[in-house]
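[1] What would the 3D arrangement of this be:
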Amino acid sequence: MSQTTITVIIPLYNKEREIEGTLRSVLVQTRQPDEIVIVDDGSTDRSAEIVRGIASPLVRLVPQPNAGECAARNRAIAEARGEYIALLDADDEWEPGFLSEIEALIERFPGCGLYCTGFSVVSHDGVFPAPGLDRRGVVENFFRDSAHRYIAIPSACCIPRAVFDDVGGFPEGMKMAGDLYMWIKIARRYRICYSPERLARYSKVASNRSATSYTPERTRYSFEELYDPSAPEEEREFIARAALGKALVQSAKGGTEEARRAARFFHWTKVYRRTLRKVQLLNRLPVRWRGPLLDLYNALAWRLARKGL
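    Numbers count the residues shown, from 1 in each chain. Below is the predicted model:
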């Protein structure tokens, strides 16, 4: 019998359409979790009611006033009893073998700070594989290898509890890219482990997605304070990518000054010049044009990516 204990944590906010499917994808795992901690972050719909209606001794629902996704994750981590913490967003799902593969990675490659699998993207026009690595095991260089592929997303990863004790929790108050902030902190100190098996399903069609409901942040955390000019180039470029990708959405939602600050700070990027130029261009346009224009660009980019272009 396995000695590994795994807690699944799910931050929940107004996901009444998705949470049942998400939770049931955990309950049908071939390797059952030791517990499932769901933090209801002040939902105003039927999300909590739906969770309570799913009778399972594994599920523990923890209510709190709305404080944001990062704060909800941190609360769930504090409540968790497991040695390993598997993250899952309330609108994504797992294939039945996800936790089995995570456990196998832990046993085969002990001591890593982040265990990840590949995933598929669920869109309005079908389900498509997200580009990832093709080798199972310890990632050679997380920052370099993440440049044009996905290695870690919240719904396809598991983190040892001891790592949070070491690097701290998710950046509370960040409404976007808090996961990337965390990956940077972890990858600086730990090895990252990856499986190319696509065992998670990331939804682009769910309701109330954080990127579409962005409002200005009030937080002491930023990518600027993570930046180390003496770090290897691939690490500095990864931080620039995260900051400029976030700045695009900030600009589209009217956060002109926040986007301008990021573009100014990370103007030196070589790898992500295109993203930098997009931020600068959006910032020059009337605010009412920015969101529709960015949505159109992203839709076109998605269609081209699906065709391998």
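[2] any idea how far Trp183 is from the closest residue to Ala206 other than its chain neighbours?
    In space, Ala206 comes closest to Asp91 once its chain neighbours are excluded; the distance is 3.4 Å by Cβ to Cβ, 6 or more residues apart in numbering. The C-beta positions use only the backbone N, C-alpha and C, and glycine is treated the same way. Per Cβ to Cβ, to the nearest Å, Asp91 is found 20 Å from Trp183.
[3] Then Leu226?
    Computed with Cβ to Cβ, the distance linking Leu226 and Trp183 is 11 Å.
[4] what do you get for Gly97?
    As judged by Cβ to Cβ, Gly97 and Trp183 stand 24 Å apart.
[5] Looking at these two, which is more packed in?
    More crowded of Gly97 and Trp183, by other Cβ atoms under 10 Å: Trp183, with 26 against 15.
[6] what about the residue lying closest to that one once chain neighbours are set aside, distance to Tyr227?
    Nearest non-adjacent residue to Trp183, counting by Cβ to Cβ, 6+ apart: Ala152, 5.2 Å away. Going from Ala152 to Tyr227 by Cβ to Cβ gives 20 Å.
[7] With Gly291 instead?
    Distance, Gly291 to Tyr227, using Cβ to Cβ: 28 Å.
[8] so what pLDDT did the nearest residue to Ala263 once chain neighbours are set aside get?
    The shortest distance from Ala263 to any non-neighbouring residue, by Cβ to Cβ, 6+ apart, is to Val279 (4.7 Å). In this prediction, Val279 carries a pLDDT score of 96.
[9] Which residue ranges of the stretch 1-150 of the chain form strands?
    Taking DSSP state E, counting those that start in this stretch as the test, the strands found in the stretch 1-150 of the chain are 6-12, 35-41, 59-64, 84-87, 93-94, 114-123, 126-129, 137-138.
[10] which strands and helices sit next to the longest one?
    Read that as strand 114-123. Here strand 114-123 touches helix 98-108, strand 126-129, strand 157-160, helix 178-187, strand 192-203, going by 3 or more Cβ pairs under 8 Å, 6 or more residues apart in numbering; DSSP states H and E.
[11] residue contacts, Ser120?
    The contact partners of Ser120, taken as Cβ atoms under 8 Å, 6 or more residues apart in numbering, are Val127, Phe128, Pro129, Ala130, Arg198, Ala200, Arg201, Tyr202.
[12] oh sorry, the question was meant for Ala259
    With Cβ under 8 Å, 6+ apart, Ala259 has these contacts: Ala247, Leu248, Gln250, Ser251, Val279, Leu282, Asn283.
[13] let's see it at 6 Å
    Contact analysis of Ala259 by Cβ atoms under 6 Å, 6 or more residues apart in numbering lists Ala247, Gln250, Ser251, Val279, Asn283.
[14] For Pro160, give its distance to Leu105.
    From Pro160 to Leu105 the distance is 12 Å (Cβ to Cβ).
[15] In TSV: the helices and strands packed on strand 114-123, plus distance to Ile38.
    Shown next, in TSV, are those (distance: least, Cβ to Cβ, whole Å):
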stretch	distance to Ile38
helix 98-108	16
strand 126-129	25
strand 157-160	17
helix 178-187	18
strand 192-203	17
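[16] Just name the most buried of those.
    Sort the helices and strands packed on strand 114-123 by mean neighbour count, taking mean count of other Cβ atoms under 10 Å, and strand 157-160 sits at the top with a mean of 25.
[17] and that one, what other elements does it pack with?
    With contacts taken as 3 or more Cβ pairs under 6 Å, 6 or more residues apart in numbering; DSSP states H and E, strand 157-160 sits against strand 84-87, strand 114-123.
[18] buried ones in the helix or strand that comes right after it?
    Helices and strands here follow DSSP states H and E; after strand 157-160, the next one along the chain is helix 161-167. Under the neighbour-count criterion of 16 or more other Cβ atoms under 10 Å, helix 161-167 has Arg161, Val163, Phe164, Val167 buried.
[19] Generate TSV for those residues, with distance to Ala206 and pLDDT as supplementary columns.
    Below are those laid out as TSV (distance: Cβ to Cβ, whole Å; pLDDT from 0 to 100):
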residue	distance to Ala206	pLDDT
Arg161	28	97
Val163	28	98
Phe164	26	98
Val167	29	97
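[20] Show me which of these is closest to Ala86.
    Of all the buried residues of helix 161-167, Ala86 sits closest to Arg161, with 11.2 Å by Cβ to Cβ.
[21] what's the domain layout of the chain?
    For the chain, automatic domain parsing gives the domain ranges 6-203, 223-306.
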